[in-house]
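>>> Got a predicted structure plus its sequence, pasted below:
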Amino acid sequence: MKSILKAAIAAIGLTAMTTGAMAADWTPPGPIKLMIAFRAGGGADTQARLIAEDLEAKLGWKFIPEQVTGKGGMNLAMAIKDQPNDGSVIGMVVTETLGYNMMVANAGVTPDDFTAITTTAGFQMGIVSTAEKGWTSFADMIADAKKSPLRFGVMSPKLADIAYLLGEAQGVDFNIVSVKGGKAVMNGVTAGDMDLGFMAGIQGKGVAAGDLVNLASALSVPLKQTPEAPTLADLGVEFSADGYFLFIGPGGMPTEARDALAAAIGEAISTDGMKSNGMITKAFGGPALIAGDDAQALVSGDYAAAGALLEAASQ
């Protein structure tokens with residue numbers, strides 16, 4: 001499992017330099033239905049629609065966006081699994097959908113029932129507080145947590161489990177507060193309803209302005225904005241909140257269709273001047289492309305890691 005995750009991390013820096021040669025002769029059999037697992041108008045929805053817009057302009061492909069939200073992407077997964085696998089139906093989720101969320105849902109499917117096409121961007125998931133707290137380091141926060149429980153905001157069950165294990169590793173009891181979405185966590189932290197919380201890049205402007213503090217990276221690697229902040233591994237937790245936006249299709253998609261879609265998406269989001277490239281660069285620090293067999297290995301590894309996380313959190 002660790003080798004899979006290391007390979008995925010190494011692939012973050014890759015771009016679509018070779019995508020032009022991949023399955024260049026494949027074209028969609030008709031309009032592509034694009035299922036989107038995120039609420040309309042949000043950053044993830046905007047990313048998906050800008051990618052579709054760029055591909056329509058560049059390649060002449062036609063996309064029909066459709067919102068299929070709920071249950072951490074599992075509603076989309078269950079809706080797409082029996083659709084035609086010829087490249088005419090794809091969906092955008094996060095890797096957590098085919099990992100932790102799929103494991104918890106126990107819906108009789110695994111990542112092998114889907115085709116992982118390509119990731120687009122990774123999350124800059126940090127553990128964040130306001131500067132007003134006076135904490136300039138993770139150790140400062142833990143010192144206060146040992147005096148009285150702190151309210152820790154999370155936006156998914158996976159993050160709740162990680163917060164619990166982090167408290168256990170540090171010898172403190174967090175009061176874990178579950179809300180819907182990273183924006184709700186940020187609002188709760190800035191309003192004082194939470195003391196700290198997970199934020200997946202939305203904290204960037206606040207950290208740059210000095211209003212927020214990245215106390216730790218929730219990733220297996222340091223945060224780009226604050227590389228000095230410790231990772232979860234540094235803090236005694238063997239799991240991480242690594243995650244990516246991911247395009248998927250029904251299982252058994254022909255390799256030429258999968259690779260052509262991955263190539264087209266990768267080239268669009270990696271090309272200066274493309275709307276999707278601008279948005280992803282601004283919001284997520286640039287593209288993070290893991291495609292084809294590597295993407296399939298990534299979600300399979302996430303699924304296996306989810307089982308280990310659930311077992312650890314239940315002890």
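Here it is on my side, so go on. Numbers count the residues shown, from 1 in each chain.
>>> Over to the nearest residue to S220 once chain neighbours are set aside. Which of the three states is it?
The shortest distance from S220 to any non-neighbouring residue, by CB to CB, 6 or more residues apart in numbering, is to S240 (4.3 Å). Where you see a C-beta, it was placed from the backbone N, CA and C, and this is true even at glycine. Recorded secondary structure, S240: coil (DSSP: H, G, I helix; E, B strand; the rest coil).
>>> pretty sure S240 contacts A233?
Yes. Counting by CB atoms under 8 Å, S240 does reach A233; the two are 7.4 Å apart.
>>> ok so, going back, so who does the residue nearest to S220 touch?
Each residue near S240 by CB atoms under 8 Å, 6 or more residues apart in numbering is listed here: I162, A218, L219, S220, T231, L232, A233.
>>> Check the spacing between the second one and S156 real quick.
Put plainly, it is A218. According to CB to CB, to the nearest Å, A218 stands 12 Å off from S156.
>>> between the two, which one's more packed in?
A218 (30 against 21; other CB atoms under 10 Å).
>>> ok, now how distant is G43 from V89?
23 Å.
>>> Between those two, point out the one with more neighbours.
V89 (22 against 19).
>>> If the more buried one is in a bridge, with which residues?
As for beta bridges, V89 partners with K33 under DSSP bridges.
>>> That one and P31 touch, don't they?
No. V89 is not in contact with P31 according to CB under 8 Å; the separation is 10.0 Å.
>>> list residues touching both of S240 and A233?
Counting by CB under 8 Å, 6+ apart, the residues touching both S240 and A233 are S220.
>>> Could you give me the buried positions within the helix or strand encompassing G153?
According to DSSP states H and E, G153 maps onto strand 151-154. Buried residues in strand 151-154, counting neighbours by 16 or more other CB atoms under 10 Å, are found at R151, F152, G153, V154.
>>> strands paired with that strand, and their directions?
With DSSP bridges as the test, strand 151-154 pairs up with strand 175-178 (parallel), strand 196-200 (parallel).
>>> Would you reformat those as CSV and include mean pLDDT and mean neighbour count?
Output for the strands paired with strand 151-154, formatted as CSV (pLDDT from 0 to 100; neighbours: other CB atoms under 10 Å):
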stretch, mean pLDDT, mean neighbour count
strand 175-178, 98, 18
strand 196-200, 96, 27
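>>> And the ones you listed: which comes nearest P65?
Among the strands paired with strand 151-154, strand 196-200 comes nearest to P65, with 22.5 Å by CB to CB.
>>> picking up where we left off before, dump the strands paired with strand 151-154 into a markdown table; add distance to G72 as well.
Listed next are the strands paired with strand 151-154 as a markdown table, based on distance: least, CB to CB, whole Å:
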| stretch | distance to G72 |
| --- | --- |
| strand 175-178 | 12 |
| strand 196-200 | 14 |
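>>> which one of these lies closest to F63?
Once the strands paired with strand 151-154 are compared by CB to CB, strand 196-200 is nearest, at 25.5 Å.
>>> Not counting the next helix or strand after the closest one itself, show me its contacts.
Per DSSP H and E, strand 196-200 leads on to helix 204-209 as the next helix or strand towards the C-terminus. Residues from elsewhere that reach helix 204-209 (CB under 8 Å, 6+ apart): Q124, G126, V128, M186, T190, L212, V213, N214, Q225, T226.
>>> what about 10 Å?
124, 126, 128, 130-131, 186, 189-190, 199, 211-214, 223-226, 229, 282-285 (CB atoms under 10 Å, 6 or more residues apart in numbering).
>>> Report how many residues lie close to the residue lying closest to P287 once chain neighbours are set aside.
Spatial nearest neighbour of P287, excluding adjacent residues (CB to CB, 6+ apart): I269 at 4.7 Å. Neighbours of I269 under the rule other CB under 10 Å: 30.
>>> For I269, give me its contacts.
Applying CB under 10 Å, 6+ apart, the residues contacting I269 are 15-16, 47, 50-51, 54, 118, 120-121, 245, 275-281, 284, 286-289.
>>> Wait, R49 touches E66, no?
No. In terms of CB atoms under 10 Å, R49 does not count as a neighbour of E66; the distance is 11.1 Å.
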